[in-house]
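> the sequence isn't on hand, but the structure is:
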């Protein structure tokens, strides 16, 4: 099966009351762990690449890794998605370079400029059979090239969301309802604005909504990181039951990156701490890959609800 767009994935997810996981990839072990989990769970999958990942691993290497995963995954629907493309040019490069979905993030622009460039991306993407995600509202936090202070964060206005979708022709929309990027998402009690999400869902019926910054920052991985020499105090993410509820509403795509990083790093730290003379990368990257696989399976079952949907 070739790479697919997210169109059919999101249609089924909306109707089925679940979400598709969009997992950030940076190297071979991460791709393998995620894909092996999706195969066992029989879940659709979005592998997404950030601007930072393209700088780190190079576009061509990431595309070929995903193509290898496809060759090893009969009948598994996989979309290759650009995460947080901040210009028309990077979106065009990814469209021309084999991606089936791109996100143009114009949330740093004013409303009209965001619409203008998003529409430009949509027109080019649709002409090449590629779908587009955009963002309205701004999520706080730091992750890769995304860095938004708390004072600059803002929730998505439901009426603006309707106007934005109608004027741009975008295929899905990332909204701000309380999630944030990175490992430090909340200083107080976790909060998601379900009322705002419900209103957007009613105003845009059957339209797929996306949640960014939706890692849970699973305590067992934070604890293991700290136990084996790490220093990640006070990390807090979005509780899984809150994400599961959002997935039963209009949310069809949930982005997960920080939890992948924590699972991988915890496994690497444990191996090297217990075996300080070890220098074979396979001996610590293998357990890291297994940790990612287990964490992704857990997310598919307990958070996304997408097991056995293909």
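Structure's in. What do you need? The structure displayed is predicted, hence computed values, not measured ones. Residues are numbered from 1 along each chain as shown.
> pLDDT value on residue 182, please?
Note on residue 182: pLDDT of 60.
> the one 4 residues further on too?
Residue-level confidence at residue 186 comes out at 53, pLDDT.
> may I ask which helix or strand encompasses residue 102?
strand 101-104 (DSSP states H and E).
> can you spell out which helices and strands pack onto that strand?
strand 78-85, helix 88-96, helix 111-127, strand 131-136 (3 or more Cβ pairs under 8 Å, 6 or more residues apart in numbering; DSSP states H and E). Bear in mind the C-beta positions are built from the backbone N, C-alpha and C, glycine included.
> any idea of the mean pLDDT in that strand?
Average pLDDT, strand 101-104: 98.
> what residues does that strand touch?
The set of residues external to strand 101-104 that reach it, using Cβ atoms under 8 Å, 6 or more residues apart in numbering, is 5-6, 46, 48, 79-86, 88, 91, 94-95, 117-118, 121, 125, 130-135, 174.
> same question, stretch 119-134
With Cβ under 8 Å, 6+ apart as the criterion, stretch 119-134 contacts 5-7, 81, 85, 88, 91-92, 95-96, 99-106, 114, 118, 164, 167-174, 210, 253.
> can I get the helices and strands packed on strand 101-104 in JSON lines with distance to residue 68 and mean neighbour count?
Below are these laid out as JSON lines (distance: least, Cβ to Cβ, whole Å; neighbours: other Cβ atoms under 10 Å):
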{"stretch": "strand 78-85", "distance to residue 68": "11", "mean neighbour count": "27"}
{"stretch": "helix 88-96", "distance to residue 68": "18", "mean neighbour count": "18"}
{"stretch": "helix 111-127", "distance to residue 68": "25", "mean neighbour count": "17"}
{"stretch": "strand 131-136", "distance to residue 68": "23", "mean neighbour count": "26"}
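> okay, these in TSV with distance to residue 300 next?
TSV is the format used below for these (distance: least, Cβ to Cβ, whole Å):
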stretch	distance to residue 300
strand 78-85	14
helix 88-96	25
helix 111-127	27
strand 131-136	20
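> out of the ones you listed, which is closest to residue 309?
strand 78-85 (13.9 Å; Cβ to Cβ).
> what mean pLDDT does that closest one get?
Averaged across strand 78-85, the pLDDT comes to 97.
> in its sheet, what does it sit against?
strand 45-50 (parallel), strand 101-104 (parallel) (DSSP bridges).
> deepest of the ones you listed, which one?
strand 101-104 (a mean of 28; mean count of other Cβ atoms under 10 Å).
> next one: that strand to chain centre, how far?
Chain-centre distance of strand 101-104: 12 Å, with Cα atoms, centre = their mean, to the nearest Å.
> next, the buried residues of the helix or strand where residue 9 lies.
Assigned by DSSP H and E, residue 9 falls within helix 7-16. For helix 7-16, burial by neighbour count (16 or more other Cβ atoms under 10 Å) applies to 9, 10, 12, 13, 14.
> okay, helices next: where are they in this protein?
Per DSSP state H, the chain carries helices over the ranges 7-16, 28-41, 51-57, 59-71, 88-96, 111-127, 158-168, 194-203, 219-227, 240-247, 258-274, 281-299.
> relative to residue 308, which of the ones you listed is closest?
Taking those one by one with Cβ to Cβ, helix 28-41 is closest: 7.2 Å.
> okay, buried residues for that closest one please.
Those would be 28-39, 41, for helix 28-41 by 16+ other Cβ under 10 Å.
> quick revisit: show me what the helix holding residue 9 is packed against.
Counting by 3+ Cβ pairs under 8 Å, 6+ apart, helix 7-16 packs on strand 20-24, strand 251-256.
> where does this structure dip in pLDDT?
139-153, 180-188 (pLDDT under 70).
> closest to the centroid, which residue in it?
By Cα atoms, centre = their mean, the chain has its centre lying nearest to residue 255, at 2.4 Å.
> that residue reaches residue 48, doesn't it?
Yes - assessed by Cβ atoms under 8 Å, residue 255 is found in contact with residue 48 at 7.2 Å.
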